[in-house]
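Visitor: This is a predicted model, with the sequence first.
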Amino acid sequence: MANKKVVKRYLFPEDYMADPSVHVFNGRIFIYPSHDWECDNVENDNGDQYVMKDYHVLSIDGNPMTGKVTDHGCVLRQEDIPWHGRQLWDCDVAEKDGKYYMYFPMKDRNDVFHWGVAVSDRPEGPFVPQPDPVRGSYSIDMCVRHDENGEYYVYFGGLWGGQLQRYKDNIHLETPYLPEGSEPSLPARVVRLGEDMLQYAEDPKPVFILDKDGQQLRADDPHRFFEASWVFKRNGVYYFTYSTGDSHLLCYATGDNPLGPFTYRGVILTPVVGWTTHHSIIEWEGKWYLFHHDSVPSGGKSWLRSLKVCELEFDGNGDIITIEGTDIQQ
């Protein structure tokens, strides 16, 4: 499918923010981004250049392409979390019974990523962290989906600095292992939350992405999963969307079950300026929108990213029309 040029909007030029998780709460669009800080760290595959220390919440008054963006300020700081080490990376938020639950990854004092949960009475925060990390939690990039079946699922995982390669069957490996070549690629994970929204209801499961022949995508496939899961449902079909990391694409696969498996369908977004591509997709007043980031305003510094939004279109078969990552902006 031919790539399409679309108009994009920078949402919050006042500061460097990235990894937008976006939801509609109480009839308003809320954005839960990570917050990039300038740093002296050397850029490396572990992501040491991403030194995020806090979270802000943004909201949009009306249409994503034209509405006023409000910064609700800092809603959670690293030093407020009792078990903190460093690096508050991508987070997401879910609502249940009038409470808002923020799920976030952070390294503990041993430099191992776990999940934290922080709770608020309002979607704009502030959020109060639980004293301990979620039991059995690991890796990064949470996406929470409240499914039609009433369950809350969290999709997660990231390679390299995201530490997913350090685990097999939810057990920490003594020696990390990344598949190579024709081996099956390392899958994302999905877990069902318990009734209290604070712990797992069961062990995480792999999220398999299959090719057209029903085989798991290979490790050397440029469309294999790397990080940044996001799941939405359209016309009865589940779309599992994700970043491919070092091939710098946003891709998608579809299925009929929130747990998968999903069949690879295509590319959502071609490479942007900057190393990472991380996103979310929502429907607003009958149209669909892609929120993501790039590093154009910072002059290409991959660790100083800026939020963007554009309209997302589908063809008659439900395929997403691919968008050019380096297109024009408003």
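Guide: Perfect, thanks for sending it.
Visitor: Let me know the next secondary structure element after the helix or strand bottoming out on mean pLDDT in the chain.
Guide: Taking mean pLDDT, DSSP states H and E as the measure, the helix or strand of the chain with the lowest value is strand 8-10, at a mean of 94. Scanning forward in sequence from strand 8-10, with DSSP states H and E defining helices and strands, the next element found is strand 17-25.
Visitor: Residues in contact with that next one: which ones?
Guide: Outside strand 17-25, the residues that touch it by C-beta atoms under 8 Å, 6 or more residues apart in numbering are 11, 29-36, 56, 58, 89-93, 95, 100, 123, 141-143, 228, 230, 276, 278-280, 282, 284, 289, 291-293, 305-307. Any C-beta I mention is one placed from the backbone N, CA and C, and that applies to glycine too.
Visitor: Quick one: mean pLDDT over that strand.
Guide: On average, the pLDDT along strand 17-25 is 98.
Visitor: Grab the CA positions of that strand and hand them over as PDB.
Guide: Coordinates of each C-alpha in strand 17-25 appear next as PDB, following Å, rounded to 0.1, in the frame of the first residue of the first chain:
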ATOM      1  CA  MET A  17       7.900  14.600  26.100                       C
ATOM      2  CA  ALA A  18       7.500  11.200  24.400                       C
ATOM      3  CA  ASP A  19       5.900   7.800  24.500                       C
ATOM      4  CA  PRO A  20       2.300   9.100  24.600                       C
ATOM      5  CA  SER A  21      -0.400   6.800  26.100                       C
ATOM      6  CA  VAL A  22      -3.700   8.400  25.200                       C
ATOM      7  CA  HIS A  23      -7.200   7.800  26.600                       C
ATOM      8  CA  VAL A  24     -10.600   9.500  26.600                       C
ATOM      9  CA  PHE A  25     -11.800  10.000  30.200                       C
END
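Visitor: ranges for the strands of the stretch 201-330 of the chain?
Guide: Ranges of strands in the stretch 201-330 of the chain, per DSSP state E, counting those that start in this stretch, are 205-207, 209-210, 227-234, 237-243, 250-255, 262-269, 280-284, 287-294, 306-312.
Visitor: ok, and for stretch 209-225, which residues are buried?
Guide: 209, 210, 216, 217, 218, 221, 223, 224, 225 (16 or more other C-beta atoms under 10 Å).
Visitor: meant to ask about stretch 67-77, not that
Guide: Counting neighbours by 16+ other C-beta under 10 Å, one finds that the buried residues in stretch 67-77 are 67, 69, 70, 72, 75, 76.
Visitor: how close does the fourth one get to residue 14?
Guide: Using C-beta to C-beta, to the nearest Å, one gets 13 Å for the distance from residue 72 to residue 14.
Visitor: Tell me where the stretch 1-150 of the chain has helices.
Guide: Taking DSSP state H, counting those that start in this stretch as the test, none of the stretch 1-150 of the chain falls into helices.
Visitor: low-scoring stretches of it, by residue?
Guide: Low-confidence regions of the stretch 1-150 of the chain, defined here as pLDDT under 70, cover residues 1-2, 4.
Visitor: need the strands for it, in chain order.
Guide: Using DSSP E, counting those that start in this stretch, the strands assigned to the stretch 1-150 of the chain run over residues 8-10, 17-25, 28-35, 54-61, 68-77, 92-96, 99-107, 113-120, 128-129, 143-146.
Visitor: Perfect, that will be all.
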